[in-house]
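Engineer: heads up, no residue letters with this:
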């Protein structure tokens with residue numbers, strides 16, 4: 001009986017420490033950011049140029065049942081200040097009657113049967129490559145890229161990086177939920193990518209705007225084609241490489257969700273992928289722990305964290321239990337919550353690269369309620385593609401103005 005009680009207390013304290021660290025580490029990273037070099041040039045100058053080669057990029061655009069955004073994205077490629085690229089547009093279950101491209105670098109692919117999965121669309125593009133490319137870059141059809149995107153991306157590959165994540169900014173900030181979506185991205189992008197690049201360790205990737213060495217990508221194996229492919233991709237790449245780079249100066253624009261219903265659907269998909277790829281996250285964390293690899297350790301630890309609203313909910317429950325068991329521990333939790341709240345506000349107000357984002361802080365309770373509803377619908381993610389609907393058809397010149 002005494003042994004059972006001891007094991008129970010060890011588990012209780014371990015769970016408390018695990019969740020508390022997810023609130024404390026962001027504060028430590030913000031402090032670290034204050035003393036680390038921050039400018040892109042300084043960060044890049046740490047690494048020697050290993051080749052003067054101009055890399056040839058294969059841009060893969062995955063469109064699903066909606067061809068409206070393909071034209072503007074292709075247009076942003078045609079306005080690039082770097083010409084060594086080919087664009088492969090995979091129009092999955094799309095009407096392409098109005099799509100006509102005269103530039104031979106734009107290749108329009110229409111699968112004979114509907115794919116209904118981003119992983120399948122990427123594979124379809126790779127299988128139809130018309131020449132030898134050095135790296136591929138993954139895009140959603142609603143993205144737009146800055147005119148210097150490929151020019152600056154090439155610099156990172158010349159420095160020897162084999163995987164580079166671009167900086168994702170918002171294409172739209174005209175609704176409360178698009179601002180909330182951007183607010184969350186600002187916070188996590190700072191902690192998971194910007195500070196990691198400043199530290200010289202592996203950064204997290206996104207499902208878009210990520211450039212990958214093609215032989216390396218060909219080694220990736222997928223077991224699930226329904227969603228969250230970037231989770232699987234991230235783990236496998238992090239296990240193969242010493243560092244995944246984050247390029248703050250390489251900008252891709254992405255459309256944020258504009259309504260509560262769209263936000264809910266998106267979060268349902270994200271919650272599903274957390275549980276679906278939990279074992280992969282644990283594998284990465286343990287690899288970093290036993291091989292003393294800080295980048296993998298931090299990345300894996302962050303991937304093990306449940307969605308933030310669940311983390312906060314569980315931590316509140318632990319706080320109540322701590323007050324019952326030992327009020328001192330309860331007050332420590334209160335202090336951690338205050339620290340986290342102040343740190344969150346500091347990060348989103350100082351690190352946002354777009355105006356008006358921090359004003360959405362007051363609407364966070366609405367976001368939490370939507371996330372709770374999305375948790376109740378998690379089973380639907382196993383049966384549906386859960387595509388996020390987009391509306392903002394805009395060209396790069398208008399966006400940059």
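Structural biologist: Done, it's in. It should be emphasised that the depicted structure is a prediction, and the values quoted were computed from it without experimental measurement.
Engineer: Can you tell me the element residue 94 falls in?
Structural biologist: Assigned by DSSP states H and E, residue 94 falls within no helix or strand.
Engineer: these two touch, right, it and residue 111?
Structural biologist: No: at 9.6 Å, residue 94 does not count as touching residue 111 under the criterion of Cβ atoms under 8 Å. For every residue, glycine as well, the C-beta is placed using N, CA and C.
Engineer: out of these two, which sits in the busier spot?
Structural biologist: Ranked by neighbour count (other Cβ atoms under 10 Å), residue 94 and residue 111 place residue 94 first, with 21 against 15.
Engineer: Excluding covalently adjacent residues, which one is nearest to that one?
Structural biologist: residue 67 (4.3 Å; Cβ to Cβ, 6 or more residues apart in numbering).
Engineer: right, and the secondary structure at the one you found would be what?
Structural biologist: Following DSSP: H, G, I helix; E, B strand; the rest coil, we place residue 67 in the coil state.
Engineer: What are the buried residues along whichever helix or strand residue 10 is part of?
Structural biologist: Using DSSP H and E, residue 10 falls within helix 2-35. For helix 2-35, the neighbour count (16 or more other Cβ atoms under 10 Å) marks 16, 19-20, 22-23, 26-27, 29-30, 33 as buried.
Engineer: Residue 365: helix or strand, and which one exactly?
Structural biologist: Going by DSSP H and E, residue 365 is in helix 364-376.
Engineer: and that helix, what's its mean pLDDT?
Structural biologist: Helix 364-376 carries an average pLDDT of 68.
Engineer: what does stretch 331-351 give?
Structural biologist: Mean predicted lDDT for stretch 331-351 stands at 95.
Engineer: how distant is that stretch from the center of its chain?
Structural biologist: 22 Å (Cα atoms, centre = their mean, to the nearest Å).
Engineer: With stretch 149-163 instead?
Structural biologist: 19 Å.
Engineer: Quick check: buried residues in it?
Structural biologist: 149-159, 161-163.
Engineer: Okay, and which of these map to strands?
Structural biologist: Those of the buried residues of stretch 149-163 mapping onto strands are residue 163, per DSSP state E.
Engineer: Name the nearest of the buried residues of stretch 149-163 relative to residue 131.
Structural biologist: residue 150 (16.2 Å; Cβ to Cβ).
Engineer: mind listing what that closest one touches?
Structural biologist: Residue 150 makes contacts with 57, 80-82, 84-85, as judged by Cβ atoms under 8 Å, 6 or more residues apart in numbering.
Engineer: Over to residue 339?
Structural biologist: Residue 339 sits in contact with 23-24, 27, where contact means Cβ under 8 Å, 6+ apart.
Engineer: let's see it at 6 Å
Structural biologist: residue 27 (Cβ atoms under 6 Å, 6 or more residues apart in numbering).
Engineer: Equivalent analysis for residue 58, please.
Structural biologist: 86, 133, 136.
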